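In: Build me a model:
(2 chains)
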Amino acid sequence: MSAQRYTIAIDSGVCMGSGVCMVYAPRTFAMDSDTKSAVIDPTGDTFAAIQAAAAGCPTGAITLTVPSPDHPQSADELGSAIRWSERQ
Amino acid sequence: MIPISLDRERIRDLFDLRRRSGGRWGDYTEDPYPAFHRLRETGPVHEGMVHELIGYTGPAAFGPGATPDVGRPHFSVFSFADCDAVYRNAEVFSSWPSDKPREDVGLNASILFMSGATHRRYRTLVQPSFVPAKAKWWMDNWIQNTVRSLIDSFEADGRADLNIDFDAAIPILTITGSFGLSVEEALDVRSRVETTHGGRRLEEFVAPIIAARREEPRDDLISVLCQAEVKDEDGSVSRLSDEDIITFSDLLLTAGSGTTWKQIGITLFALLTTPRILDEIRADRSLLRLAVEESLRWNITDPAFTRYPSEDTTIAGVRIPKGAAVHVCIGAANRDPARWEHPDAYDAHRPLKSSLGFAGGPHICLGMHVARAELNAAIGALIDRLPGLRLDPDAEPPSIIGLYERGPSHLPVVWG
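Out: Take a look at the predicted model:
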């Protein structure tokens, strides 16, 4: 992805430090000294990989948002990622 | 590292699924997935236990205390979305039934059966030793040496049953190595886990190690547990008791030594029966990681776990009363065509997305990154050291057997 059109937010109160995000997007997420997920490079992996990380987070601690509406290809998929986190 | 010399017959006794009886084990030899598909399509929630619903009529049990929980209504869930939702909603779907008194000994006292803030507090203590960044610590200290020594022990033979000679030993030696136990002690412990009689109790091995590590910490797991600080709700800080550490050790051993062994076998089964993918991995090692993730989706060793709703609820429109047992069939969930195209195919080239291979929600497998490291190290080393690795054409072809614990019947291979 040439330009980042999304933001990644991690709720560290919800993050359990499982490390699941690092399986799917290892160049985007890392663990901080408190064993909480942190974004090290928001464009480190493909958007699909970052979505897989957000959707796979066992506690729904990762929220992806797309501020720009001109991202039609991913917006639909993003919807499912957000619905995942809303299940919490 | 001292070369590992293993008593193969003893290993076979401890680990051969075909020598087990009862529905958890090897006397179920059918493919459950056609039934899983049918149950998902006609459900995805059904009243009954998974083995009953797929038509298995023998005795079968799992859950707290490994009893069938007679007298409780049972429901089973077969779709990805609903299984995932049950795991994520841990406030309603608890791992221990709310109408049953908590037990404070052995595995039943472990984080497996804790909930809410208590679960989080205790899991947080061990989580730092099991994060992806710690995989190297596990690899350098225990996994790589174990894998190397095991291959040394059979490399010159030209043939092996990898299920027994290799897969079974890696996880148990990794976990017990991290406790500071010898190989013989490790097998004694496994004997105890498998038979619940004979062998020595885990605490007989671990208690003296705990005492030694409290005096003089080393770079191992027991030392980490000895030094871990528990922050209670009132903010006070305490250390884990010897009993807490023994319970953790029991959990790691029970959960870590059986599952990873069988999953290494399942992954090898998948690769040996689809040699095209094995060749692709030989040419491009980065594919191995995806092949491992796909095996966790395609054929997970433990295909069902149980949750207990703490209130009346519904799943996919089916009313589930408080006190019922809800069996989450992750085996079926992982082949849900709503999430994966051609779900029955083992395809290492799929776009990577999360499965329920390590379960999900706040109880997601603590050891998953260690298991992944073991899977990747084990299979990578076989490919490196045994050129031309293939199923033995003269041996009886293996199959995946077992009901609630699945794995290969055997893995007869030759190389060279």
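
In: just checking, residue B:414 touches residue B:157?
Out: No - in terms of C-beta atoms under 8 Å, residue B:414 does not count as a neighbour of residue B:157; the distance is 9.5 Å. C-beta here means a position set from N, CA and C on the backbone, and glycine is covered the same way.

In: Give me the more crowded residue out of these two.
Out: Counted by other C-beta atoms under 10 Å in any protein chain shown, residue B:414 and residue B:157 do not tie: residue B:414 has more neighbours, with 17 against 10.

In: which residues sit in contact with that one?
Out: B:158-159, B:388-393 (C-beta atoms under 8 Å, 6 or more residues apart in numbering or on different chains).

In: residues near the closest residue to residue B:339 other than its chain neighbours, how many?
Out: In this structure, residue B:339 finds its nearest non-sequential neighbour in residue B:80, 4.7 Å apart by C-beta to C-beta, 6 or more residues apart in numbering or on different chains. Neighbourhood size, residue B:80 [other C-beta under 10 Å]: 25.

In: residues from the stretch 151-300 of chain B in reach of chain A?
Out: residue B:293 (C-beta under 8 Å from any C-beta of the partner chain).

In: try 10 Å this time
Out: Residues of the stretch 151-300 of chain B lying near chain A by C-beta under 10 Å from any C-beta of the partner chain: B:289, B:293.

In: would you turn the contacts of residue B:414 into a markdown table with secondary structure, distance to residue B:410 and neighbour count?
Out: Compiled in a markdown table, the contacts of residue B:414 are given as follows (DSSP: H, G, I helix; E, B strand; the rest coil; distance: C-beta to C-beta, whole Å; neighbours: other C-beta atoms under 10 Å in any protein chain shown):
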| residue | secondary structure | distance to residue B:410 | neighbour count |
| --- | --- | --- | --- |
| B:158 | coil | 17 | 12 |
| B:159 | strand | 12 | 15 |
| B:388 | coil | 20 | 9 |
| B:389 | coil | 15 | 21 |
| B:390 | strand | 15 | 12 |
| B:391 | strand | 10 | 17 |
| B:392 | coil | 10 | 19 |
| B:393 | coil | 14 | 8 |
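
In: Stretch B:236-249 spans what distance, first to last residue?
Out: Its first and final residues considered, stretch B:236-249 spans 25 Å by C-alpha to C-alpha, to the nearest Å.

In: starting at the chain centroid, how far to that stretch?
Out: Centroid displacement of stretch B:236-249 relative to its chain, using C-alpha atoms, centre = their mean, to the nearest Å, is 23 Å.

In: Quick one: residues contacting the residue in chain A that chain B sits nearest to.
Out: Proximity of chain A to chain B (C-beta to the nearest C-beta) peaks at residue A:56, 3.0 Å away. Going by C-beta atoms under 10 Å, 6 or more residues apart in numbering or on different chains, residue A:56 touches A:18, A:20-21, A:23-25, A:62, A:81, A:84, B:84, B:352-356, B:360, B:364.

In: With residue B:147 instead?
Out: Contacts of residue B:147 by C-beta under 10 Å, 6+ apart are B:139, B:166, B:169-170, B:173-174, B:374, B:377-382, B:385.

In: send the alpha carbons of stretch B:111-128 over as CSV?
Out: Extracted in CSV, the C-alpha atoms of stretch B:111-128 (Å, rounded to 0.1, in the frame of the first residue of the first chain):
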residue,chain,number,x,y,z
ILE,B,111,-5.8,-20.7,34.7
LEU,B,112,-7.7,-23.0,32.3
PHE,B,113,-10.7,-22.8,34.7
MET,B,114,-10.3,-19.3,36.1
SER,B,115,-12.3,-16.4,34.8
GLY,B,116,-12.4,-12.7,34.6
ALA,B,117,-9.9,-10.6,36.5
THR,B,118,-8.4,-13.5,38.4
HIS,B,119,-7.7,-15.4,35.1
ARG,B,120,-6.1,-12.2,33.7
ARG,B,121,-4.0,-11.6,36.8
TYR,B,122,-2.6,-15.2,36.8
ARG,B,123,-2.2,-15.4,33.0
THR,B,124,-0.3,-12.1,33.0
LEU,B,125,2.3,-13.7,35.2
VAL,B,126,3.3,-16.3,32.6
GLN,B,127,2.4,-14.5,29.4
PRO,B,128,5.8,-12.7,29.0
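
In: For burial, what's the neighbour tally of the residue in the stretch 151-300 of chain B positioned nearest to chain A?
Out: In the stretch 151-300 of chain B, no residue comes nearer to chain A than residue B:293, which is 7.8 Å away by C-beta to the nearest C-beta. Counted with other C-beta under 10 Å, the neighbours of residue B:293 add up to 22.

In: My read is that it contacts residue B:352, right?
Out: Yes - applying C-beta atoms under 10 Å, one finds residue B:293 in contact with residue B:352, separated by 6.1 Å.

In: So which residues of the stretch 101-250 of chain B form strands?
Out: Applying DSSP state E, counting those that start in this stretch to the stretch 101-250 of chain B gives strands spanning B:159-161, B:229-231, B:237-239.

In: residues making contact with the first one?
Out: Among residues not part of strand B:159-161, those counted as contacts by C-beta under 10 Å, 6+ apart are B:8, B:11-12, B:16, B:150-151, B:153-154, B:165-168, B:382, B:386, B:389, B:392, B:394-395, B:398, B:408-416.

In: Now do the next helix-or-strand element following it: which elements does it pack against?
Out: Downstream of strand B:159-161, the first helix or strand assigned by DSSP states H and E is helix B:162. For helix B:162, the packing partners by 3 or more C-beta pairs under 10 Å, 6 or more residues apart in numbering or on different chains; DSSP states H and E come out as helix B:242-273, helix B:368-385.

In: so the longest one versus helix B:368-385, what angle?
Out: For helix B:242-273 against helix B:368-385, the angle by axes from the mean of the first three to the mean of the last three C-alpha atoms, to 10 degrees is 40 degrees.

In: same question for helix B:242-273, mean pLDDT?
Out: In this model, helix B:242-273 has an average pLDDT of 89.

In: And the helix or strand that contains residue A:52, how far out from the chain middle?
Out: Under the criterion DSSP H and E, the helix or strand holding residue A:52 is helix A:47-56. Mean-position distance between helix A:47-56 and its chain equals 6 Å (C-alpha atoms, centre = their mean).

In: Over to stretch B:160-170?
Out: Computed by C-alpha atoms, centre = their mean, the chain-centroid distance of stretch B:160-170 equals 16 Å.

In: could I have it exported to PDB, CA atoms only?
Out: C-alpha atoms of stretch B:160-170 as PDB (Å, rounded to 0.1, in the frame of the first residue of the first chain):
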ATOM      1  CA  ALA B 160      11.800 -44.200  11.100                       C
ATOM      2  CA  ASP B 161       8.300 -43.900  12.500                       C
ATOM      3  CA  LEU B 162       8.400 -40.200  13.000                       C
ATOM      4  CA  ASN B 163       5.300 -40.200  15.100                       C
ATOM      5  CA  ILE B 164       7.100 -42.100  17.900                       C
ATOM      6  CA  ASP B 165      10.800 -41.600  17.200                       C
ATOM      7  CA  PHE B 166      10.500 -37.800  16.700                       C
ATOM      8  CA  ASP B 167       7.200 -36.000  17.100                       C
ATOM      9  CA  ALA B 168       6.200 -37.400  20.500                       C
ATOM     10  CA  ALA B 169       9.500 -36.600  22.200                       C
ATOM     11  CA  ILE B 170       9.900 -33.000  21.100                       C
END
